[in-house]
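Participant: below are the sequence and a predicted model for it; my questions follow.
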Number of protein chains: 2
Amino acid sequence: MSAQAPHPTVLIPGPIEFDDAVLQSMSTYGESHVGPAFVKIFGETLTMLRQLFQTKATTSQPFVLAGSGTLGWDFVASNLIERGENALVLHTGYFGDSLSECLQTYGANATQIKAPIGDRPSLDEISKALQEKEYKILTVTHVDTSTGVLSDIKAITEVVRKVSPNTLVVVDGVCSVGCEEIAFDEWDLDVVLTAGQKAIGCPPGLSILMLSGRAMDRAKNRTSPPASYYASIKNWLPIMQNYEAGKPSYFATPATQLVRALHTALTQITSKPLAERFAVHKEASQRVKKAVSDMGLQQLATKQENQANAMTAIRLPEGLAPPDVLPKLFQKGLVFAGGLHKEIASKYIRFGHMGVSVTDPKRDDIDRAIAALKEVFAEVKK
Amino acid sequence: MSAQAPHPTVLIPGPIEFDDAVLQSMSTYGESHVGPAFVKIFGETLTMLRQLFQTKATTSQPFVLAGSGTLGWDFVASNLIERGENALVLHTGYFGDSLSECLQTYGANATQIKAPIGDRPSLDEISKALQEKEYKILTVTHVDTSTGVLSDIKAITEVVRKVSPNTLVVVDGVCSVGCEEIAFDEWDLDVVLTAGQKAIGCPPGLSILMLSGRAMDRAKNRTSPPASYYASIKNWLPIMQNYEAGKPSYFATPATQLVRALHTALTQITSKPLAERFAVHKEASQRVKKAVSDMGLQQLATKQENQANAMTAIRLPEGLAPPDVLPKLFQKGLVFAGGLHKEIASKYIRFGHMGVSVTDPKRDDIDRAIAALKEVFAEVKK
């Protein structure tokens, strides 16, 4: 069925299970990063990203850099905000704290609006904060991998455009792009950053971003030079423009095999209507969440509108910790993740349901996972 | 003979031709970056790097980050030198200029000692410069990919230790690690940074560094916080230490498939004496250089002691430019690179001879390349 060696099914919130064709692209022979074959692949990849992010504005600019998803934060913090300027960070878990630290590294002042664990800041709180101070950027984690909380990007952006229209809306879509709807133009977003290894279904090692014309202007009109060299828009913009125009260009060597794998993944994704892809993820997520509820278990995100379609953070029954259940699930051939949110890491587990595990009808990963969870929880609750 | 699809042989100064087993590791199925299988692979990879860099000092610290080789510059510039401090940059081509720009991005003052194209700064010039000012770091490009010039790291470090012992010696070994000798402990180096896709023979996308205890202390005793978030030693040190100790750890998701490929490449490299590997590269390089000379052509690096074993930069006969010869070489199934040094880019081509193309006895890449060069130059000179 699969060309892959037998292995436990990985159902953590990334890296996920990968398609055979994507993995085969990873083992493409050595090639020049400025040769016509690779230039074509990289250029098409950038163009397909426009489709994935649903942007037709010619001012939108995609970037693909060798690096982890986290590099996208440095990209934002070193190009789109300057020393002493303010950033409003919406906190829905672990990633709000780390992103604030990144912004502060480059000299920005980060103010967080923190929600209780499993919840998200309200639109009223956001509106109020934006009225109090001039914020150059607002950041929001679309799906916080540490809590499974989904943010309402569309509604947040509407608030920003009403109260503080020049504030750039920066979306951390690391665990959302490819499975949660993102309409870049329609929602009027400025930055969506992501990584390959989650719902896009490409092995880890690529930092992927889409910037609006407004964000590109902000970078261009900085008074100080970019605060990073490797993550500098100034250094990468001509490279991305050239590749997309079919011309070779060099700043730093791209990860050629990973870009080929991303090309394959994006070709698969864009071959079908995106709405269909989002619907399949939603259906799988609801199946998981219903099963969790049927088992008498709670999610960290208690309100339905806060619950991500990408993953489910499952609170363990009182007295149990991840080591009580994860090894038993592993024995059944399934890899789930432990908790990540510092305050309650030992009290929950995380189940990622993205990519081929939900979109490939030949796979039964989700059914097997639900069955295994039922068996293991029945056993440990005794 | 090879499991790879038919393709032109890539003989640029990186990315190079890759071994079948390395490419197969690239297509490893999805797995958790904190699961025991990957933790073991990553830990062993870090330990093998100690062997490759020839360091047994327990204070030496390896790092492997998702990113291009260039990210290693940001790593150095944001952790090992502070705003307003001085860096001495030895310039042997394109990479001296770009590295200076990177250092300045993070606030350091970069002073370059520039050599004429094809040459390198003399030990006297270096000694004199070190006496004039306090330099926190000295950087040297071991093999400058834009010129094919080899620097004498051992001799330079001796000068530094004599004149300015606390200056950190930072070696850009992107195009040298794996084919030019580097004795980290014996030569008393502080940083060697490299990338996977050159003589190590791993596809591009990994930034690889080895730091001395002296460099680690410098990072630890900074008065200002690290100037990068993604490239911060503070953020990565516990992660690298944990992985090498066999413990899972998370800061940003590592490029799992690339790390597996690096593990395979390093397993191959360390299975034989390093001296043998360096000798094979030297032998191949001399064969290429003799052929170039026999054809009546010049190298950019005219002095023998300046000539890299990793590559050869071949000056084109008067009146010819890379487009006159590269397409003809491509028709013979060989990919060489054009010039990179801005001032003379249109006057030379570059031939990389690293990794399996020279170490695998089943391959005839170098012989075919020499034969093709002879034929093409005979043809265009007519």
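Facilitator: Here it is on my side, so go on. Numbering: from 1, shown residues only, chains lettered A, B, ... in the order given.

Participant: what does the stretch 101-250 of chain A have sitting close to chain B?
Facilitator: A:101-102, A:105-106, A:195, A:197, A:203-206, A:225-232, A:250 (C-beta under 8 Å from any C-beta of the partner chain). Placement of C-beta: from N, CA and C, glycine included.

Participant: what's the nearest residue to the spatially most central residue of chain A if we skip its chain neighbours?
Facilitator: With the centre of chain A defined as its mean C-alpha position, the nearest residue by C-alpha atoms, centre = their mean is residue A:174, 1.3 Å away. Setting aside the residues directly before and after it, residue A:174 is nearest to residue A:69 in space (C-beta to C-beta, 6 or more residues apart in numbering or on different chains), at 4.3 Å.

Participant: got a list of what that neighbour touches?
Facilitator: Shown here is residue A:69, whose contacts under the criterion C-beta atoms under 8 Å, 6 or more residues apart in numbering or on different chains are A:174, A:193, A:194, A:195, A:197, A:207, B:252, B:253.

Participant: what is the nearest of those residues to residue A:326?
Facilitator: Closest approach between the contacts of residue A:69 and residue A:326, by C-beta to C-beta: residue B:253, at 18.6 Å.

Participant: which non-adjacent residue is nearest residue A:12?
Facilitator: Nearest to residue A:12 is residue A:337, by C-beta to C-beta, 6+ apart, at 3.9 Å.

Participant: do a quick rundown of the helices in the stretch 1-150 of chain A.
Facilitator: Secondary structure of the stretch 1-150 of chain A (DSSP state H, counting those that start in this stretch): helices located at A:20-26, A:36-52, A:71-79, A:94-105, A:123-132.

Participant: domains of chain A?
Facilitator: Using the TED database, the domains assigned to chain A come out as A:9-17+A:273-381, A:21-271.

Participant: pick the most deeply packed of those.
Facilitator: Between the domains of chain A, the one whose residues have the most neighbours on average, counting mean count of other C-beta atoms under 10 Å in any protein chain shown, is domain A:21-271 (a mean of 22).

Participant: and that one, how far from the chain's centre?
Facilitator: Here domain A:21-271 shows a centroid-to-chain-centroid distance of 9 Å under the convention C-alpha atoms, centre = their mean, to the nearest Å.

Participant: mind checking the end-to-end distance for that domain?
Facilitator: Here the two ends of domain A:21-271 are set 14 Å apart, with distance taken as C-alpha to C-alpha, to the nearest Å.

Participant: let me know the average pLDDT across that domain.
Facilitator: Taken as a whole, domain A:21-271 has an average pLDDT of 97.

Participant: ditto for stretch A:346-361
Facilitator: If you average the per-residue pLDDT over stretch A:346-361, you get 98.

Participant: ends of that stretch, what's the gap?
Facilitator: Span of stretch A:346-361 from end to end, C-alpha to C-alpha: 34 Å.

Participant: relative to the whole chain's centre, how far out is it?
Facilitator: Stretch A:346-361 has its C-alpha centroid displaced from the chain centroid by 14 Å (C-alpha atoms, centre = their mean).

Participant: for stretch A:369-382, same thing?
Facilitator: Between the mean C-alpha location of stretch A:369-382 and the chain-wide mean there is a distance of 29 Å, by C-alpha atoms, centre = their mean.

Participant: that stretch near chain B at all?
Facilitator: No: on the criterion C-beta under 8 Å from any C-beta, stretch A:369-382 is out of touch with chain B, staying 14.3 Å away.

Participant: how about the CA coordinates for that stretch, as CSV?
Facilitator: C-alpha atoms of stretch A:369-382 as CSV (Å, rounded to 0.1, in the frame of the first residue of the first chain):
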residue,chain,number,x,y,z
ALA,A,369,-6.1,6.1,16.6
ILE,A,370,-9.6,6.5,18.0
ALA,A,371,-9.8,2.8,18.6
ALA,A,372,-6.4,2.8,20.4
LEU,A,373,-7.4,5.7,22.6
LYS,A,374,-10.6,4.0,23.6
GLU,A,375,-8.7,0.8,24.5
VAL,A,376,-5.9,2.5,26.4
PHE,A,377,-8.2,4.8,28.4
ALA,A,378,-10.5,1.9,29.2
GLU,A,379,-7.4,0.0,30.5
VAL,A,380,-5.8,2.8,32.6
LYS,A,381,-9.0,4.0,34.1
LYS,A,382,-9.6,0.6,35.7
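
Participant: tell me where the stretch 151-300 of chain A has helices.
Facilitator: A:153-163, A:213-220, A:233-244, A:256-270, A:274-294.

Participant: closest one to residue B:321 among these?
Facilitator: Going by C-beta to C-beta, the one of the helices of the stretch 151-300 of chain A nearest residue B:321 is helix A:233-244, 19.9 Å.

Participant: list the helices and strands that closest one packs on?
Facilitator: helix A:36-52, strand A:61-66, helix A:213-220 (3 or more C-beta pairs under 8 Å, 6 or more residues apart in numbering or on different chains; DSSP states H and E).

Participant: now these as JSON lines including distance to residue B:344?
Facilitator: Written out in JSON lines, the entries for those read as follows (distance: least, C-beta to C-beta, whole Å):
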{"stretch": "helix A:36-52", "distance to residue B:344": "24"}
{"stretch": "strand A:61-66", "distance to residue B:344": "29"}
{"stretch": "helix A:213-220", "distance to residue B:344": "32"}
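
Participant: looking at these, which is closest to residue B:53?
Facilitator: Closest approach to residue B:53 among those (C-beta to C-beta): strand A:61-66, 21.8 Å.

Participant: between the closest one and helix A:71-79, how many degrees?
Facilitator: Between the axis of strand A:61-66 and that of helix A:71-79 there is an angle of 120 degrees, by axes from the mean of the first three to the mean of the last three C-alpha atoms, to 10 degrees.

Participant: strand A:61-66 pairs with which strands, parallel or anti?
Facilitator: Using DSSP bridges, strand A:61-66 pairs in its sheet with strand A:206-211 (antiparallel).

Participant: contacts for the partner strand next, please.
Facilitator: A:49-50, A:53, A:55, A:60-72, A:75, A:177, A:184, A:189-196, A:200, A:219, A:233, A:255, A:258-259, A:262, B:205.

Participant: that one versus helix A:36-52: what angle between them?
Facilitator: Here strand A:206-211 points in a direction 50 degrees away from that of helix A:36-52 (the same axes, to 10 degrees).

Participant: and the nearest residue to residue A:332 once chain neighbours are set aside, what pLDDT?
Facilitator: Excluding the flanking residues, the one nearest residue A:332 by C-beta to C-beta, 6+ apart is residue A:372, at 4.3 Å. Residue A:372 carries a pLDDT score of 98 in this model.

Participant: elements contacting the helix or strand that contains residue A:373?
Facilitator: Assigning secondary structure by DSSP states H and E places residue A:373 in helix A:365-381. Applying 3+ C-beta pairs under 8 Å, 6+ apart, one finds that helix A:365-381 makes contact with strand A:9-10, helix A:274-294, helix A:322-331, strand A:334-335, helix A:356-359.

Participant: who touches residue A:25 in this structure?
Facilitator: Under the criterion of C-beta under 8 Å, 6+ apart, the contact partners of residue A:25 comprise A:257, A:260, A:261, A:263, A:264.
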